[in-house]
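Colleague: need a structure here:
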Amino acid sequence: MSNPILHLSGVTKDYWLGKVKVPALRGIDLEIGKGEFMSIKGPSGSGKTTLLNIIGLIDNATGGSVLLDGKDVTRETDKNMTRLRLTKIGFIFQTFNLIPVFNVIENVEFPLLLLKDRTPAERRRKTMELIDAVGLRPYVHHRPNELSGGQRQRVAIARALVTDPEIILADEPTANLDSVTGKSILEAMKEMNERRQTTFIFSTHDAGVLQYARRIVEIHDGLLTSRG
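Modeller: Sure thing, here's the model as predicted:
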């Protein structure tokens with residue numbers, strides 16, 4: 001693969017339970033190209049979430065390297081890692097992770113407030129563009145507890161995209177949704193991928209979700225058994 005957006009080489013991750021070392025990842029080698037719409041498949045405890053967290057710079061690898069746009073991010077300072085998370089990577093969580101006291105506009109706009117590099121007018125224009133894209137214009141003043149599960153996940157998608165990240169990570173994005181709503185969320189993600197060439201990486205063990213992936217990477221016991 002020429003010029004992958006992500007390149008993982010020999011990535012390991014160990015956790016400690018008292019004096020016992022528990023390996024979560026055992027040497028992951030993986031390249032991911034720009035614009036991919038791919039899934040990481042594996043049973044519970046296989047290392048899916050740990051791998052996503054390392055790709056997303058939420059967690060640090062014990063060993064190996066993670067290259068983002070050719071730059072080794074494992075050697076970045078905490079300040080630079082925070083900046084990279086805000087500008088390069090968007091997150092969609094199965095529990096939505098919306099701020100309960102914020103309405104739809106405020107939740108979507110929040111990452112732009114953290115960046116502090118746009119005027120209020122620019123922030124609002126970008127926020128409304130994404131809210132329109134996920135079909136939530138009639139609900140802009142609703143708070144999360146006034147929305148359905150599918151609507152909340154659409155807010156999460158808009159929030160993840162508002163900073164124009166190169167990569168979107170989604171950990172079991174349809175786990176708390178019924179099948180019809182889950183399908184509509186996947187269709188929305190697929191449309192964003194095709195329209196914006198944003199790289200989508202989602203983890204799942206749901207066969208209904210996997211059928212949307214153009215590439216499936218399989219992980220078992222911290223080892224990749226297939227790179228798709």
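Colleague: which residue ranges of the chain form strands?
Modeller: Assigned by DSSP state E, the strands in the chain fall at 6-17, 20-32, 37-41, 63-68, 71-72, 89-93, 167-171, 199-204, 215-220, 223-226.
Colleague: out of the ones you listed, which gets nearest to residue 182?
Modeller: Smallest distance to residue 182 across the strands of the chain (C-beta to C-beta): 10.1 Å, for strand 199-204. (Glycine included, C-beta is placed from N, CA and C.)
Colleague: low pLDDT regions in the protein?
Modeller: 1-2 (pLDDT under 70).
Colleague: could I get the biggest helix by length in the chain in PDB with only the CA atoms?
Modeller: Secondary structure of the chain per DSSP state H: the longest helix is helix 179-196. Output in PDB follows, covering the C-alpha atoms of helix 179-196 (Å, rounded to 0.1, in the frame of the first residue of the first chain):
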ATOM      1  CA  SER A 179     -31.500  -3.200  13.600                       C
ATOM      2  CA  VAL A 180     -33.400  -0.600  11.500                       C
ATOM      3  CA  THR A 181     -31.800   2.300  13.300                       C
ATOM      4  CA  GLY A 182     -28.400   0.600  13.200                       C
ATOM      5  CA  LYS A 183     -28.700   0.200   9.400                       C
ATOM      6  CA  SER A 184     -29.600   3.900   8.900                       C
ATOM      7  CA  ILE A 185     -26.500   4.900  11.000                       C
ATOM      8  CA  LEU A 186     -24.200   2.700   8.900                       C
ATOM      9  CA  GLU A 187     -25.700   4.200   5.700                       C
ATOM     10  CA  ALA A 188     -25.000   7.700   7.100                       C
ATOM     11  CA  MET A 189     -21.400   6.700   7.900                       C
ATOM     12  CA  LYS A 190     -20.900   5.200   4.400                       C
ATOM     13  CA  GLU A 191     -22.300   8.300   2.700                       C
ATOM     14  CA  MET A 192     -19.900  10.500   4.700                       C
ATOM     15  CA  ASN A 193     -17.000   8.200   3.700                       C
ATOM     16  CA  GLU A 194     -17.900   8.300   0.000                       C
ATOM     17  CA  ARG A 195     -18.500  12.100   0.000                       C
ATOM     18  CA  ARG A 196     -15.600  13.200   2.100                       C
END
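Colleague: quick one, it and strand 89-93 angle?
Modeller: Angle of helix 179-196 versus strand 89-93, following axes from the mean of the first three to the mean of the last three C-alpha atoms, to 10 degrees, is 170 degrees.
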